[in-house]
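**Student:** A predicted structure for the sequence below; I have some questions about it.
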Amino acid sequence: MKAIVMWNNYVSTGADRRILILALDSGAGHRVRMERLKRHLDEKGMPCHLRMIADDEEQARQIVAAEPVDLLILDARDMDPGAFGDTRVLAIDNMHARRKTADSGIVFYDTLPHPELDDRFDEIFRRILFDDEVTERIARPRRPALPGAARITFYAGPEGFMDATMIDEIDASMTGDDSVLYTRVGGKPGGLSTIAYLTRSRYLDLLLDTDIILTYPGMTFWEAMVLGANPVLLETGSAVHDRLSEYLSRKTGARWFRSVERREGTTAGMILDAMARSLSVDVQAWRKDVIERPGLRSLVRTVEELWNDSGKRSPRR
């Protein structure tokens, strides 16, 4: 009888754990997109195991060393994908310096635009990992904007990520304006608005009906934009995220509000500016491309090719 191993609520057998996904346990983005990838791989008969990990290279090495792995899928931006001996690695959105050196055992696969990959922006822009729940909503009609009002959603991320004072300021300005229908998802508890913790289906329905999305450069930014919302990026205090916000503002035309600008302006002014702003990317062509060639399915095909190729190699034990 094969031994059953259970981690993170996933079940796999000792004999078929040939694909291992290690994803950074930081916010919801890594988990959600790797759960989607795992589901597609399982459906195609490529059983895999997903583990959420801390940003700890030694821990990751110990995990890989403890079990046979034919293909490692690494979703941790700064972790060295060459730290796992002769294990074949598919490094997703990985910006480690090793990508600049030749290493046949590592395949870098980019699904999120980044300033260091600016010459490939158009290619990566079309590889974003939208799942079927997003793509099937693209064709749905959006509710028309309400006369004299705007539906605004603020995705504040996990508790503690965004400054609590900024969240309070945005809550107060939005709930104090009769022209705003406001929902905040995530962030700290309390304040003047009700925090909505939603199922993914209800969350995507909310984005589909959103006129303006306030957020930072993560999957919500891309999902809301492809579903038709006008994105507004907020300063977070994280050098990595704010650098991305500045870059994405230049590349897509999305509004980026630094904290000083937000405090000096007015809620009404921000809304009018965001609603009137035209994005510099062809959203309609992008939406069509996302429906016809979903980025997640392209990644699954790449994994399948690498997995089949890895079967010709002896697994590392």
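**Tutor:** Great, that's in hand. Because the structure is predicted, anything quoted here is derived from the model rather than measured. Numbers count the residues shown, from 1 in each chain.

**Student:** quick check: closest non-adjacent residue to residue 277.
**Tutor:** For residue 277, the nearest residue in space outside its immediate sequence neighbours is residue 255; the separation is 5.7 Å by C-beta to C-beta, 6 or more residues apart in numbering. Backbone N, C-alpha and C define where each C-beta goes, glycine included.

**Student:** now do residue 116
**Tutor:** Here the residue nearest residue 116, using C-beta to C-beta, 6+ apart, is residue 95, at 6.5 Å.

**Student:** where do the helices of the stretch 201-317 of the chain begin and end?
**Tutor:** All helices of the stretch 201-317 of the chain, identified by DSSP state H, counting those that start in this stretch, fall at 219-226, 239-252, 259-264, 267-276, 283-292, 295-310.

**Student:** nearest to residue 152, out of the ones you listed?
**Tutor:** The closest approach between residue 152 and any of those, judged by C-beta to C-beta, belongs to helix 267-276 at 7.2 Å.

**Student:** isn't residue 279 right up against residue 252?
**Tutor:** Yes - with contacts counted by C-beta atoms under 8 Å, residue 279 reaches residue 252, the gap being 5.6 Å.

**Student:** find residues that contact each of those two.
**Tutor:** Overlap between the contact sets of residue 279 and residue 252, as judged by C-beta atoms under 8 Å, 6 or more residues apart in numbering, is given by residue 225.

**Student:** higher neighbour count, those two?
**Tutor:** residue 252 (21 against 15; other C-beta atoms under 10 Å).

**Student:** burial measure for the closest residue to the more buried one other than its chain neighbours, as a count.
**Tutor:** Nearest in space to residue 252, with sequence neighbours left out and distances taken as C-beta to C-beta, 6+ apart, is residue 281 at 5.1 Å. Using other C-beta under 10 Å, residue 281 is surrounded by 16 other residues.

**Student:** tell me the predicted confidence for residue 281.
**Tutor:** Each residue has a pLDDT score; the one for residue 281 is 92.

**Student:** list the contacts of residue 78.
**Tutor:** Contacts of residue 78 were listed using C-beta under 8 Å, 6+ apart, and they are 55, 94, 95, 96.

**Student:** name the member of those with the most neighbours.
**Tutor:** Ranked by neighbour count (other C-beta under 10 Å), the contacts of residue 78 have residue 94 at the top, with 21 neighbours.

**Student:** next, that residue: phi, psi?
**Tutor:** Note on residue 94: backbone dihedrals following degrees, to the nearest 10 are phi -100, psi 130.
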